[in-house]
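Colleague: A structural model of the following input is requested.
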Amino acid sequence: MATLEKREKARRSEVVNLRIEPNQRDLIDTAAALCGKTRSAFMLDAAYQAAEETLLDRRVFALNEEQWQAFNQALDNPPAKNEKLAKLLATKSPWE
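Modeller: So this is what the prediction gives:
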């Protein structure tokens, strides 16, 4: 079991240092305490969530002419029949 713990710790051994104002640190510490997390865990979770949202929220993407034509063709054509999707959409939600 100790070997597994060492491997886990080794995978998470990167250090990120930040300089912050005392009032910012106090606010983060208060929020972290309310969530039952350490300052580091709270900041890591918040940064990770912000990074995911930033990447998922990209609305502008560039296509070359060939890609643009393929994209438009895909939009213009009717979708392929998907029986599994039709079954899923016909299934009642657990809260209904």
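Colleague: element containing the most centrally placed residue in the chain, please.
Modeller: Closest to where the C-alpha atoms of the chain average out (C-alpha atoms, centre = their mean) is Glu52, at 3.4 Å. If you go by DSSP states H and E, Glu52 is part of helix 39-56.
Colleague: ok, then the element right after that helix?
Modeller: helix 65-76.
Colleague: ok, now how distant is the residue nearest to the centre of the chain from Asp45?
Modeller: 11 Å (C-beta to C-beta, to the nearest Å). The C-beta positions use only the backbone N, C-alpha and C, and glycine is treated the same way.
Colleague: gap between Arg7 and Ser13?
Modeller: 11 Å.
Colleague: looking at the two, which one has more neighbours?
Modeller: Arg7 (10 against 7; other C-beta atoms under 10 Å).
Colleague: contacting residues around the more buried one?
Modeller: If you count contacts by C-beta atoms under 8 Å, 6 or more residues apart in numbering, Arg7 has none.
Colleague: look up how far Ala80 lies from Ala70.
Modeller: 15 Å.
Colleague: these two: who's more crowded?
Modeller: Counted by other C-beta under 10 Å, Ala70 and Ala80 do not tie: Ala70 has more neighbours, with 12 against 6.
Colleague: got a pLDDT number for the more buried one?
Modeller: pLDDT for Ala70: 95.
Colleague: where does this protein dip in pLDDT?
Modeller: For the chain, the stretches with pLDDT under 70 are 1-4, 9-10.
Colleague: elements contacting the strand or helix carrying Leu27?
Modeller: If you go by DSSP H and E, Leu27 is part of helix 22-35. Applying 3 or more C-beta pairs under 8 Å, 6 or more residues apart in numbering; DSSP states H and E, we find helix 22-35 packed against helix 39-56.
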